[in-house]
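**Q** quick one: sequence and predicted model below, then my questions.
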Amino acid sequence: MDQVKLKSLLNQVADGSVSPDEAVARLRSLPFEDLGFAKVDHHRNLRKGYPETVFAAGKTPAQVVEIVTRIREHGSNVLVTRCNSEVVAAVLAAHPDAEFCEAARAVRIQVVPLKKLRGYVAIVCAGTSDIPVAEEAAVTCEALGSRIKRIYDVGVAGIHRLLDQRNHLDKAHAIVVCAGMEGALPSVVAGLVEKPVIAVPTSIGYGASFGGIAALLGMLNSCASGLAVVNIDNGFGAGVLASIINRIANHK
C-alpha cells in the first residue's frame, strides 16, 4: 500500500464509507505479512518509496509465485531478480501479463503506472559479457521510475569508444559502470565526469580475475573521487542507489 492509497483509506474511514474494522483488516498485513517461509515487507513502499524486490535465487518457483502474488495483491509493482527458467515459467503461468527481461534475468509486473523522473541514469559496461549485470541495473532503475541511457561495450581496451559517449555521460544524474577483468573502466569514467559513479565489479575474466575479486579490489583502490563500489555482480544494488540519486536530483 503506497501513501496515496493509505490516505484514501483514512479519508474513507473519516467520511464513514469504510468502517474502522474494515480498515484494520486492510492494514493487517502492515508492516509485513508472514507466509511461513517468508515475511513480505508490504510497508517498504511507504518507508522507502518503492516496494520489496524478490530475489529468486535459492527460492522454489512456488515460493516466488506466492510472494509475487501477495505483493501484487497489495497494489504494488513487482520486480523479481536472478530468475532461472523454472521460476520464469512459474511466474508467467500465474501472471500472464508479467514481462520477462531475459538479458537481466528478471521478471517485472506493472500494477500501477510509474511516474517517470526527469533526467536519466547512464548504464555503462566495459564489454558485451558484462551486459547481464548492466541489464539488471537498468531494469532496476526502470522499475523505480528512472529513465536510462545504455552505453555498452566501451571498455578501456578501446578507450575512444567511451570518449565518443562523453556528452551522454555528462548529462546523466548518476552513472553505473559495470566491468570485469581488471575493473579499470569506473576509474576512467569517474575521472571524466562530475556526476556520482557507482562501480559494479563483474565476475567476468580469466583465472587471475578470481571471479571478480580482482575487479572489486581495483575499484576499491581507485584514485578517482566520486566513486562508490557495490559487490560483485550486484547490478540490482547499483540500480537502486542510482535511482535514489536520480530521485534526489529531481527534487532540486
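**A** Nice, I can see it.
**Q** find the centremost residue of the protein, please.
**A** residue 140 (2.5 Å; C-alpha atoms, centre = their mean).
**Q** low-confidence regions, the chain specifically.
**A** 1-6, 24-30, 252 (pLDDT under 70).
**Q** which segments of it make up each domain?
**A** Annotated domains of the chain cover 31-109, 120-250 [automatic domain parsing].
**Q** same for the biggest helix by length in the chain, what does it pack against?
**A** When the chain is scanned for its longest helix (criterion: DSSP state H), the result is helix 235-250. In terms of contacts (3 or more C-beta pairs under 8 Å, 6 or more residues apart in numbering; DSSP states H and E), helix 235-250 is packed against strand 120-125, helix 131-143, strand 174-179, strand 197-201. C-beta coordinates here come from the backbone N, C-alpha and C atoms, glycine included.
**Q** as CSV, those with distance to residue 73 would be great.
**A** CSV is the format used below for those (distance: least, C-beta to C-beta, whole Å):
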stretch, distance to residue 73
strand 120-125, 30
helix 131-143, 18
strand 174-179, 32
strand 197-201, 33
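**Q** report the secondary structure state of residue 150.
**A** Following DSSP: H, G, I helix; E, B strand; the rest coil, residue 150 is assigned to strand.
**Q** so how far is residue 217 from the closest residue to it other than its chain neighbours?
**A** Counting by C-beta to C-beta, 6 or more residues apart in numbering, residue 123 is the residue found nearest to residue 150 once chain neighbours are left out, at 5.4 Å. Distance, residue 123 to residue 217, using C-beta to C-beta, to the nearest Å: 23 Å.
**Q** next, count neighbours for residue 218.
**A** Around residue 218 sit 21 other residues, with neighbours defined as other C-beta atoms under 10 Å.
**Q** cool, residue 55 as well?
**A** Quick note: residue 55 (other C-beta under 10 Å) scores 15 neighbours.
**Q** next: residue 16.
**A** Neighbours of residue 16 using other C-beta under 10 Å come to 7.
**Q** surely the residue nearest to the centre of the chain is in contact with residue 77?
**A** No: counting by C-beta atoms under 8 Å, residue 140 stays clear of residue 77, with 11.9 Å between them.
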